[in-house]
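>>> Everything below, folded, please.
(one chain, ligands or ions: 2)
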Amino acid sequence: MASEKGDWIFVKENEKNYNIEHFVIPEHYEGDVSNVLIPHGLILDRIEKLARQILSQYTDRLVVCCVLKGGHQFFADLVGFLKKYTTKEGKHLPIALDFIRVKSYENDTSSGSVHISMSEKELKALKGRDVLIVEDIIDTGRTMVALLDHLKKYELKSIKVASLFVKRTHLSNGFTPEYVGFSVPDVFIVGYCLDYNDYFRDLDHVCSISPAGQKKYFSVD
Ligand code: HPA
Ligand code: MG
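Ligands and ions are numbered 1, 2, ... in the order given. Take a look at the predicted model:
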């Protein structure tokens, strides 16, 4: 069952609560981001809660599948919390890790085509398994729907999606993940592994990009 929107943290439009001056921003990105939308500590606190919800809903070995590259940081922290609760707090649930590369973005718009890289052999190994796909952000929903569609024929026992962010955009195809961290406004966000042409993945806070940053890292190819 899809999660209830009321359970997600709602990040408001034009959220200006967090002045950039109040946080440490790597020097190489100074001037390139305009404000902090979600501080790193809040992201981690939210992921800990998602980890507990996820664990309460599985009983068999779970395959946690990271959608690269954007999902990497969420995946790493989520798996960290899953391990914390499966090793120290007595819930016994073996976790397998898997990785998939899906690419659909150039500059700040979806390129329309989706490339999925996972070998036939790796996909067949998912048969009969409970799989949790871990994604950074659901925007139009097109990438995720294409991925789920692709996985359908491999007869998984179950497939669910955890996305740290869901964007409130009129371009959404209505896809709703089972686990969601934050509902975010329709602005291009970077940080915590979300990128703009592969920049800003190494920024811990989730920020909106400044016009200067957009210009500086714009890609023509
Ligand atoms: N930022 C980074 N990557 C994205 C976004 C975004 O706002 N939306 C979809 N992919
Ligand atoms: Mg992504």
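>>> Every contact and neighbour count from this point should use C-alpha atoms.
Will do.
>>> And for the closest residue to Asn35 other than its chain neighbours, the neighbour number?
If you skip the residues right next to it in sequence, Asn35 has Ile20 as its closest partner in space, 4.9 Å away by C-alpha to C-alpha, 6 or more residues apart in numbering. Per other C-alpha atoms under 10 Å, the neighbour tally for Ile20 reads 17.
>>> what does Leu123 give?
Neighbour number of Leu123 under other C-alpha under 10 Å is 16.
>>> In contact with it, which residues are there?
Contact partners of Leu123, counting by C-alpha atoms under 8 Å, 6 or more residues apart in numbering, are Leu151, Tyr154.
>>> Now the element after the least confident helix or strand in the chain by mean pLDDT, going C-ward?
Taking mean pLDDT, DSSP states H and E as the measure, the helices and strands of the chain show their lowest mean at strand 109-117, namely a mean of 66. Scanning the chain past strand 109-117 towards its C-terminal end, the next helix or strand to appear is helix 120-124 (assignment: DSSP states H and E).
>>> and the longest strand anywhere in the chain, which strands flank it?
For the chain, the strand reaching the highest residue count under DSSP state E is reported as strand 95-106. If you go by DSSP bridges, strand 95-106 pairs up with strand 62-68 (parallel), strand 109-117 (antiparallel).
>>> Quickly check: the shortest one near ligand 1 or not.
Pointing back at strand 62-68 there. No: taking C-alpha under 6 Å from any ligand atom as the criterion, strand 62-68 and ligand 1 are apart, separated by no less than 11.6 Å.
>>> Tell me the residues on the protein that lie near ligand 1, please.
Counting by C-alpha under 6 Å from any ligand atom, the positions of the chain adjacent to ligand 1 are Ile137, Asp139, Val187, Phe188, Ile189, Val190, Leu194, Asp195.
>>> Where does pLDDT dip in this protein?
1-2, 14-17, 88-90, 104-114, 221 (pLDDT under 70).
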